[in-house]
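Trainee: this is the structure alone, sequence omitted:
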């Protein structure tokens, strides 16, 4: 899928990712305890990364992980000296089964993104249980200590068990709202890898993980247009990845990007997904964000961008997501259609919500510069600089201040 | 899995409810219990409580003794008005029961779902 050279660790990670979630789900069903199952698989993953690095990836990585996870589950249950019946079941069932992977994993994602779990625990839990990241990898991605991350994950898992959250796909009546939670987490996985406000991990590409997960959801629930919308959105953002940085690693804004570097097949694939989604006649925030991204992707130059259509799409998007960040982005389109003065007035109203958001100040700086208010623009850029720790973004802001 | 559904409301808002609406809600609550009883979702146990003004609280006093006071254990406006014990497969089933609780149509009402500690 990518033309980036993938090292052996990425191959390991991909093999783990392909198997981990399905094994957690099937083992949880077998032992009747999500926590035990998840820990057993996590231990197996850590063993696998070590062993496969030394000996190479086995022919059937899934079977390897399944056997190791079962052995670990057996150990854990034996130490707890209970679950006698489960122990018998585990011992008898020594063969490895071909799993009905898609369904099992989708049910697991719904459980990890359950609204009864704290919002800040859903993302790490999904990364670990569904995508098979180790606690260390997750901790590095979030720039927290491994102990802190371990504690957050342990608490979330206890809640799944103690509250009685089932590993099932929700009934149709609840599916749409629950799906929105799942898609939001998937989008956050991508964002964590894309923006890298904290820096990606060395051995795991979260952007790839997110696209893989979005693909899984779109395949499992093709009748839910928002699953197709999210996959399209991620493909469109990913299509621009090589154009986002210059040779020295500096960030390149959309307006300055070399559009020849954009991944055309990915953009075409996203367009087809959006057409299929539109046939469902249930627009949602991911389809609309993807449609906005598609507008940019189909424009030959920044100057030729169809801003009126983009502004119209933002107006529709606001009906589904009236968050301050969406309004900020609408402000940019508004500036192109009705002028910087109108846009600045609109954007300034967002100050109470976005005063701590660096892109709020960067957007204001841009509008102020267009209006010839250079001193205020510099002031706004300085404020933006104070509020971001991302090296690439800092460099871009610094270059504007020079 | 067994859960307790705790039905809470805001006493000030409750005082402002039209008696006809209250009566209608009462009928709906009766039907709610009947429906879920037929489906075998109750584990036995539960009660509708007298108003919070009737509450008496016992707590430990400063010198290790026991003190009896008039009123509920917390002064919050939200009070538990009743509870029932249910036995359903998982949290989602409990949530769907709670969502259909008729009083949720009234302002300030909520349902808290708490799993029961199973000793064993």
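Mentor: That came through fine. As the structure is a computational prediction, the values presented were derived from the model and not from experiment.
Trainee: going by C-alpha atoms from here, please, whenever you check contacts or count neighbours.
Mentor: OK.
Trainee: burial measure for residue A:80, as a count.
Mentor: Using other Cα atoms under 10 Å in any protein chain shown, residue A:80 has 9 neighbouring residues.
Trainee: give me the next element, helix or strand, following the helix or strand bottoming out on mean pLDDT in chain A.
Mentor: In chain A, the helix or strand scored least confidently by mean pLDDT, DSSP states H and E is helix A:84-92, which has a mean of 63. On the C-terminal side of helix A:84-92, the nearest following helix or strand under DSSP states H and E is helix A:101-112.
Trainee: tell me the buried residues in that next one?
Mentor: A:101, A:103, A:104, A:105, A:106, A:107, A:108, A:109, A:110, A:111, A:112 (16 or more other Cα atoms under 10 Å in any protein chain shown).
Trainee: residues of the one helix or strand residue A:308 maps to that come out buried?
Mentor: Taking DSSP H and E as the definition, residue A:308 sits inside helix A:307-320. Neighbour counts over helix A:307-320 (16+ other Cα under 10 Å) mark A:307, A:310, A:311, A:313, A:314, A:315, A:316, A:317, A:318 as buried.
Trainee: I'd assumed residue A:333 was in contact with the second one.
Mentor: Yes. With contacts defined as Cα atoms under 8 Å, residue A:310 counts as touching residue A:333 at a distance of 6.7 Å.
Trainee: of all the residues in the longest helix that chain B contains, which ones are buried?
Mentor: As assigned by DSSP state H, the longest helix anywhere in chain B is helix B:19-38. Under the neighbour-count criterion of 16+ other Cα under 10 Å, helix B:19-38 has B:25, B:29 buried.
Trainee: other SSEs contacting the helix or strand following it?
Mentor: Counting by DSSP H and E, the element after helix B:19-38 in chain order, helix or strand, is strand B:42-48. Applying 3 or more Cα pairs under 8 Å, 6 or more residues apart in numbering or on different chains; DSSP states H and E, one finds that strand B:42-48 contacts strand B:78-87.
Trainee: strand partners (parallel or antiparallel) of the strand it packs on?
Mentor: strand B:2-10 (antiparallel), strand B:42-48 (antiparallel) (DSSP bridges).
Trainee: next helix or strand past it?
Mentor: The first helix or strand that comes after strand B:78-87 along the chain, using DSSP H and E, is helix B:91-99.
Trainee: so for stretch A:362-374, what's the average pLDDT?
Mentor: Throughout stretch A:362-374, pLDDT has a mean value of 96.
Trainee: just stretch A:311-318 next, same as before
Mentor: Computed over stretch A:311-318, the average pLDDT equals 97.
Trainee: neighbouring contacts of it?
Mentor: The contact list for stretch A:311-318, computed with Cα atoms under 8 Å, 6 or more residues apart in numbering or on different chains, reads A:284, A:285, A:288, A:289, A:291, A:292, A:326, A:327, A:330, A:333, A:334, A:337.
Trainee: any idea what the residue lying closest to residue B:80 once chain neighbours are set aside is bridged to?
Mentor: Using Cα to Cα, 6 or more residues apart in numbering or on different chains and skipping residues adjacent in sequence, the residue nearest residue B:80 is residue B:8, 4.3 Å away. Beta bridges link residue B:8 to residue B:80, residue B:110 when assigned by DSSP bridges.
Trainee: now the buried residues of helix A:101-112 in TSV, with pLDDT?
Mentor: Below are these laid out as TSV (pLDDT from 0 to 100):
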residue	pLDDT
A:101	61
A:103	75
A:104	84
A:105	89
A:106	92
A:107	93
A:108	94
A:109	95
A:110	96
A:111	95
A:112	96
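Trainee: look up the closest residue to residue A:282, ignoring the ones flanking it.
Mentor: residue A:225 (6.7 Å).
Trainee: within range of chain A, give me the residues from chain B.
Mentor: Counting by Cα under 8 Å from any Cα of the partner chain, chain B comes close to chain A at B:1, B:90, B:91, B:92, B:114, B:115.
Trainee: now these: which count as buried?
Mentor: Buried, going by 16+ other Cα under 10 Å: B:1, B:90, B:91, B:92, B:114, B:115, out of those.
Trainee: just those now: which is nearest residue B:46?
Mentor: Of all these, residue B:114 has the smallest distance to residue B:46: 13.5 Å, by Cα to Cα.
Trainee: does the closest one count as helix, strand or coil?
Mentor: Three-state assignment for residue B:114 (DSSP: H, G, I helix; E, B strand; the rest coil): strand.
Trainee: any idea what it is bridged to?
Mentor: residue B:4.
Trainee: and it, what's its pLDDT?
Mentor: Model confidence at residue B:114, given as pLDDT, is 97.
Trainee: now do residue B:12
Mentor: Taking residue B:12 on its own, its pLDDT is 89.
Trainee: state the helix or strand in which it lies.
Mentor: Taking DSSP H and E as the definition, one finds residue B:12 inside helix B:11-15.
Trainee: now that helix: buried residues?
Mentor: So for helix B:11-15, counting by 16+ other Cα under 10 Å, buried means residue B:11.
Trainee: show me the contacts for residue 69.
Mentor: Since you didn't name a chain, this refers to chain A. Contacts of residue A:69 by Cα under 8 Å, 6+ apart are A:37, A:40, A:41, A:42, A:43, A:44.
Trainee: ah, I was thinking of chain B
Mentor: Contacts of residue B:69 by Cα under 8 Å, 6+ apart are B:56, B:57, B:58.
Trainee: that one should be in a strand, yeah?
Mentor: Yes. Under three-state DSSP, residue B:69 sits within a strand.
Trainee: where in chain A is pLDDT low?
Mentor: For chain A, applying pLDDT under 70 flags the ranges A:1-8, A:81-102, A:194-204.
Trainee: cool, thanks, talk later.
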